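1. return atomic coordinates for the entry below.
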Amino acid sequence: MYVFVSRSDDVEPRLQVRHESDCTPFFGVDVTALPAGTPGVIDGTTLGYPLASLREIPAGDYYVQGLLNVYSEFHRADGHTLWLHDDQWEGQQFNRSPGNLVSEVRKVHLEPGRPDTVRLELTRALPPVELPPDTKWVKHIKIRSEMLTAWWGRPMYLGATVLLPRGYETDTARRYATVYEQGHFNLRPPFGFSSDSSVETPEQRAARLARTAREPGFEFYQAWRSPAFPPLIAVTFQHPTPYFDDSYAVNSANNGPYGDAILRELIPYVEEHFRMIRAPWARVLTGGSTGGWEALALQVYHPDVFGGTWVLYPDPVDFRSYEIPDIYGDTSAFVHPVAGWMSYDVPAEQEVTGQPRISVRQESQFEAVLGSHARSGEQFAIWEATYGPVGPDGYPAELWDLATGKIDHGVAEYFKAHDYDLRDYLERNWGTLAPKLKGQLHVFVGDMDTFYLNLAVYRLEEFLKRARPAADALVAYGRPLKPHGWQPWTNAELMRIMARHIERQRPRH
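-> Residues are numbered from 1 along each chain as shown. Down below sits the predicted model:
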């Protein structure tokens, strides 16, 4: 249960939450089996973010709102019974999730130190997600996963959004190679494909090009529909878990068999219902950030399924640079010791100039307020749920204590031993993987990635350069001052690059 305290009601306070310093203050507490009419109490002892306590809010007038994030009971196949948020096809967005209860927004005067009670009644349930319609070009799939349903003890679903090529409806005998674009949960078409013809201002265009070459969705829409564009099918997946908007497309002790479900249920379903070429050379991968990690993981774990990957600004691919912390060697995720008496807080985000935005300590506090037991729905929690062991209580074991930053090296070693450190996995298995991955790995990241993800890519590149047999991999960096989200070409250009790669691999008879 949460209370949000905002200076503005331009949008509802519940929608003003983000982990950076301009986040609207909010405060959260666990409640259990709260009957209707029974109050849940949030007071000065309740942890908040970015202010730790309600007592720190200056006297003044504020707009306040309450929200209850509804948990469901899961009887998991490993014997654990857990209370988690059952995604409603919104992508684990607690402040938008259908069925969650919210109050009306109230304007109140708060004065720390003065005894007072503000009563908020949770009278409104958030409405169902509005699903986008199918069109000539874009189709939406949602299937019940029997594998995941058996694991979680509740109905669980997988989805896909499919972008069809020009001529698909008329050339009914033709089959197509497929680009699988990985990334966070969304129901939008792949690669930003959009018929919205809104034009960028010159200032907007200049700002975008300073970050990335990726074009607006309408420019990609025009390219995709043109006669000269390579005929491909593009697919994005939806695979939210009870911990996050995305499963990382792998099997894990906490999330269950998402990797198997995607490979053995979702991809076969999509390939059966659309005219796709069912061969590794005709399946290629791309994605950025979380999707970048997935695009690399799917290729290196399943080189006999996929035929090449274009990995963009991936989540950490070497856990010696878990953003900045080295989870194997450091003792604290919060504090970086230096020679002598000095130490400094480890940053979690930066501007392209190098100015820190937020620390690992602060981001950990943000996640602690959002939910206990890795139920924040945020980044640190899903990494624990994906890579880590099940804790004694059935929830993911913590990699570090969210209050102190102390790293549990036993959990860190589990990450590595179970092959989630992708650079380590590649190096240990290169003798087997080399002939299958030669020429298939292409990795791109900005030199000033917002989340320091370039640091792990440097370590991956160091291995790929010295690997024998040779990897024939491409690793490239955006310079100068390129942030998270950088890519060196438009999406249309990337599709043409991948189409040429596919054509080179096509069997010749």
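
2. quick one, helices of this structure?
-> Using DSSP state H, the helices of the chain run over 146-152, 202-211, 217-224, 258-261, 267-273, 290-301, 360-370, 379-387, 409-417, 422-428, 430-437, 454-466, 491-505.

3. show me which helix or strand of the chain is least confident by mean pLDDT.
-> Lowest mean confidence among the helices and strands of the chain (mean pLDDT, DSSP states H and E): strand 335-337, at a mean of 87.

4. adjacent strands (with direction) for it?
-> Applying DSSP bridges, strand 335-337 is found paired with strand 343-345 (antiparallel).

5. break the protein into its domains for me.
-> According to automatic domain parsing, the chain comprises the domains 2-125, 138-318+421-505, 321-417.

6. nearest to residue 131, of those domains?
-> Residue 131 lies closest to domain 138-318+421-505 among these, at 6.8 Å (Cβ to Cβ). C-beta: built from backbone N, CA, C; applies to glycine.

7. end to end, how far does that closest one reach?
-> 27 Å (Cα to Cα, to the nearest Å).

8. coming back round to it: mind giving me TSV with the domains of the chain and columns for distance to residue 131 and mean neighbour count?
-> Output for the domains of the chain, formatted as TSV (distance: least, Cβ to Cβ, whole Å; neighbours: other Cβ atoms under 10 Å):
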stretch	distance to residue 131	mean neighbour count
domain 2-125	8	16
domain 138-318+421-505	7	19
domain 321-417	21	18
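
9. and those domains: which comes nearest residue 132?
-> Between residue 132 and the domains of the chain, the tightest spacing by Cβ to Cβ is seen for domain 138-318+421-505, at 5.5 Å.

10. residue 98 contacts residue 127, correct?
-> Yes. Using Cβ atoms under 8 Å, residue 98 is in contact with residue 127, at 6.2 Å.

11. reformat the helices of the chain as CSV; add mean pLDDT and distance to residue 94.
-> Output for those, formatted as CSV (pLDDT from 0 to 100; distance: least, Cβ to Cβ, whole Å):
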stretch, mean pLDDT, distance to residue 94
helix 146-152, 99, 19
helix 202-211, 94, 28
helix 217-224, 97, 27
helix 258-261, 99, 21
helix 267-273, 98, 29
helix 290-301, 99, 18
helix 360-370, 98, 7
helix 379-387, 98, 12
helix 409-417, 99, 25
helix 422-428, 99, 30
helix 430-437, 98, 39
helix 454-466, 99, 29
helix 491-505, 98, 30
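
12. any chance of those in JSON lines, with distance to residue 24 too?
-> JSON lines is the format used below for the helices of the chain (distance: least, Cβ to Cβ, whole Å):
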{"stretch": "helix 146-152", "distance to residue 24": "33"}
{"stretch": "helix 202-211", "distance to residue 24": "25"}
{"stretch": "helix 217-224", "distance to residue 24": "29"}
{"stretch": "helix 258-261", "distance to residue 24": "33"}
{"stretch": "helix 267-273", "distance to residue 24": "40"}
{"stretch": "helix 290-301", "distance to residue 24": "25"}
{"stretch": "helix 360-370", "distance to residue 24": "12"}
{"stretch": "helix 379-387", "distance to residue 24": "20"}
{"stretch": "helix 409-417", "distance to residue 24": "32"}
{"stretch": "helix 422-428", "distance to residue 24": "36"}
{"stretch": "helix 430-437", "distance to residue 24": "46"}
{"stretch": "helix 454-466", "distance to residue 24": "31"}
{"stretch": "helix 491-505", "distance to residue 24": "34"}
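
13. out of those helices, nearest to residue 52?
-> Counting by Cβ to Cβ, residue 52 lies closest to helix 360-370 out of the helices of the chain; the figure is 7.3 Å.

14. what's that closest one packed up against?
-> strand 26-28, strand 48-49, strand 347-350, helix 379-387 (3 or more Cβ pairs under 8 Å, 6 or more residues apart in numbering; DSSP states H and E).

15. give me the distance from that helix to the chain's centre.
-> Distance of helix 360-370 from the chain centroid (Cα atoms, centre = their mean, to the nearest Å) equals 17 Å.

16. contacting residues around that helix?
-> Helix 360-370 has contacts (Cβ atoms under 8 Å, 6 or more residues apart in numbering) with 2, 19, 23, 26-28, 47-50, 52, 94, 323-325, 333-334, 345-349, 376-381, 400, 402-403, 405.

17. surely residue 45 meets residue 53?
-> Yes. Using Cβ under 8 Å, residue 45 is in contact with residue 53, at 7.3 Å.

18. what's the pLDDT at residue 473?
-> Note on residue 473: pLDDT of 99.

19. contact partners of the strand ranked longest in the chain?
-> If you go by DSSP state E, the chain has its longest strand at strand 60-68. With contact meaning Cβ under 8 Å, 6+ apart, strand 60-68 is reached by 1-9, 12-14, 31, 34, 40, 94-95, 100-110, 118, 120, 122.

20. likewise for stretch 287-304?
-> By Cβ under 8 Å, 6+ apart, stretch 287-304 touches 180-184, 246, 248-250, 259, 263, 280, 285-286, 305-306, 308-317, 419, 422, 425-426, 433, 436-437, 440-441, 443, 453, 484-485, 487.

21. could I have the CA atoms of that stretch written out in PDB?
-> Output in PDB follows, covering the C-alpha atoms of stretch 287-304 (Å, rounded to 0.1, in the frame of the first residue of the first chain):
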ATOM      1  CA  GLY A 287      17.000  -5.700 -28.800                       C
ATOM      2  CA  GLY A 288      18.300  -3.000 -26.400                       C
ATOM      3  CA  SER A 289      18.900  -2.800 -22.700                       C
ATOM      4  CA  THR A 290      17.000  -5.700 -21.100                       C
ATOM      5  CA  GLY A 291      16.300  -6.800 -24.700                       C
ATOM      6  CA  GLY A 292      20.000  -6.500 -25.500                       C
ATOM      7  CA  TRP A 293      20.900  -9.000 -22.700                       C
ATOM      8  CA  GLU A 294      18.100 -11.300 -24.000                       C
ATOM      9  CA  ALA A 295      19.300 -11.000 -27.600                       C
ATOM     10  CA  LEU A 296      22.800 -12.100 -26.600                       C
ATOM     11  CA  ALA A 297      21.600 -14.800 -24.200                       C
ATOM     12  CA  LEU A 298      19.200 -16.400 -26.700                       C
ATOM     13  CA  GLN A 299      21.900 -16.500 -29.300                       C
ATOM     14  CA  VAL A 300      24.700 -17.900 -27.100                       C
ATOM     15  CA  TYR A 301      22.400 -20.400 -25.200                       C
ATOM     16  CA  HIS A 302      20.600 -21.500 -28.400                       C
ATOM     17  CA  PRO A 303      23.000 -21.200 -31.400                       C
ATOM     18  CA  ASP A 304      21.200 -24.000 -33.100                       C
END
